[in-house]
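Visitor: After the sequence you'll find the predicted model.
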Amino acid sequence: MELYFTKLEWEHHCFPIAATSDGLCYVGAFDEPSELFEDWKRKHLPRAEVLIDDSRINPYREQLLGYLQGERTAFTLPLHPIGTPFQLDVWQALQAVPYGNTTTYSEIAAAVSRPRAIRAVGTAIGKNRLLLVIPCHRIVGKNGGLIGYWGGLNMKRRLLALEQEVSPNSM
């Protein structure tokens with residue numbers, strides 16, 4: 001399997017993105033250490049050959065930059081999320097949270113028909129490595145406060161503020 005990789009630069013941040021021939025499989029956190037991607041790859045795609053191929057990764061880069069620049073509110077790119085069946089269900093429920101809105105762990109647990117599995121849902125959300133695209137940044141505490149985010153609370157604040165600034169009529 002081939003794994004196409006690049007680092008996306010936006011404003012003063014740099015973060016890794018990677019895709020297989022099936023779709024985008026990794027969008028890292030702003031300024032994350034390269035070891036985090038390497039560890040993820042070793043665990044999930046140990047036999048994959050990492051390639052630098054702009055023609056394969058540019059469509060993903062363009063949509064991600066469009067989102068970060070406030071020009072895009074939805075993604076149309078193919079995804080290749082890598083996780084357990086439960087994680088995939090949780091991540092699919094996250095994708096149903098509309099741009100500019102937030103939800104809670106308990107609402108996602110209910111959406112996957114596991115209303116008592118709030119902690120398991122939180123763990124599954126924490127394993128999401130398609131940041132921005134599978135919008136785990138839209139999860140807030142029951143009281144509406146900001147809670148943990150794999151990319152850090154500063155990144156979460158930034159993404160939520162961006163979504164509040166952009167008109168819902170944007171593409």
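Guide: Perfect, thanks for sending it.

Visitor: Just give the closest residue to the residue nearest in space to the middle of the chain, not the sequence neighbours.
Guide: For the chain, L131 is the residue whose C-alpha lies nearest the centre (C-alpha atoms, centre = their mean; 1.8 Å). Take L131 and drop its neighbours on the chain: the residue closest to it by C-beta to C-beta, 6 or more residues apart in numbering is V27, 4.7 Å away. Quick note: C-beta positions are derived from backbone N, CA and C, even for glycine.

Visitor: Report the separation between the residue nearest to the centre of the chain and G151.
Guide: 5 Å (C-beta to C-beta, to the nearest Å).

Visitor: between those two, what contacts are shared?
Guide: Contact criterion C-beta atoms under 8 Å, 6 or more residues apart in numbering; residues shared by L131 and G151: 28-29, 137.

Visitor: Which one of the residues you listed is nearest to L79?
Guide: Using C-beta to C-beta, G28 comes nearest to L79 of these, at 15.1 Å.

Visitor: how about the closest one, what does it touch?
Guide: 15-17, 36-37, 129, 131, 151.

Visitor: What about the residues you listed, which are in strands?
Guide: Among the contacts of G28, the ones falling in strands (DSSP state E) are 15-17.

Visitor: hmm, back to that, for the residue nearest to L131, phi and psi?
Guide: Main-chain dihedrals, V27, degrees, to the nearest 10: phi -130, psi 110.

Visitor: Quick one, grab the pLDDT at the residue lying farthest from the centre of the chain.
Guide: Distance from the centre of the chain peaks at R116, with 24.4 Å (C-alpha atoms, centre = their mean). Looking at R116, its pLDDT stands at 96.

Visitor: Then E32?
Guide: Confidence score, pLDDT, at E32: 91.

Visitor: Verify the stated contact: it with I17.
Guide: No - taking contacts as C-beta atoms under 8 Å, E32 lies outside contact range of I17: 11.2 Å.

Visitor: between those two, who's got more neighbours?
Guide: I17 (23 against 19; other C-beta atoms under 10 Å).

Visitor: Which residues are in contact with the more buried one?
Guide: 5-8, 24, 26-28, 57, 60-61, 64.

Visitor: mind redoing it with 10 Å?
Guide: 4-8, 24-28, 37, 57, 60-61, 64, 130-133 (C-beta atoms under 10 Å, 6 or more residues apart in numbering).

Visitor: Beta-bridge partners for it, please?
Guide: Beta-bridge partners for I17, by DSSP bridges, are T6, V27.

Visitor: domains for the chain, by residue range?
Guide: 2-68, 85-165 (automatic domain parsing).

Visitor: Can you give me the end-to-end span of stretch 28-35?
Guide: The first residue of stretch 28-35 is 11 Å away from its last residue (C-alpha to C-alpha, to the nearest Å).
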